[in-house]
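Engineer: quick check, what structure comes out for this input:
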Amino acid sequence: MPPPEYKQLVDEAKREIKEINPAELKRMQEQKQNFTLIDVREPDEVAEGTIAGAKPLPRGQLEHKIDTITIDKNEPIVCYCGGGGRSALAAQSLKKMGFKNVTSLAGGYKGWKNGS
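Structural biologist: Below you'll find the predicted structure:
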């Protein structure tokens, strides 16, 4: 179980960023909206399954390697992880780096798989 400080960090990040639910992400995909989907999970997690079209970039490498995925600060970006915590932190970090249109997938990959 993560320490309470982690929950505090995630809660703070969620207050500063926008979250979308799996239904909103599905709608964006169906409407072929222009956005970049970033899977911030670790490679072993990605190997167990991913959302179609996602670009893998582990949370620990995000700030250092985001330029391998995009340098467009206005491009819509959706981050996701396993349950929504790391992606909230990732979205917050990208926002601090000047990316203007970053969201996090609430519930992460688990929520996506469960259709919630």
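Engineer: helices along this protein, start to end?
Structural biologist: 4-16, 22-30, 43-46, 62-65, 85-96, 108-114 (DSSP state H).
Engineer: who wins for proximity to Ala52 among these?
Structural biologist: Of all these, helix 22-30 sits nearest to Ala52, with 7.5 Å by Cβ to Cβ. All C-beta spots, glycine's among them, are computed from the backbone N, C-alpha and C.
Engineer: so who does the nearest residue to Asn21 once chain neighbours are set aside touch?
Structural biologist: Leaving out its chain neighbours, the residue that sits closest to Asn21 by Cβ to Cβ, 6 or more residues apart in numbering is Ala106, at 5.2 Å. Neighbouring residues of Ala106 by Cβ atoms under 8 Å, 6 or more residues apart in numbering: 19-22, 84.
Engineer: how close does the residue nearest the centre of the chain get to Pro4?
Structural biologist: The centroid of the chain falls nearest to Cys79 when counting by Cα atoms, centre = their mean (1.4 Å). Distance, Cys79 to Pro4, by Cβ to Cβ, to the nearest Å: 23 Å.
Engineer: also Glu19?
Structural biologist: 21 Å.
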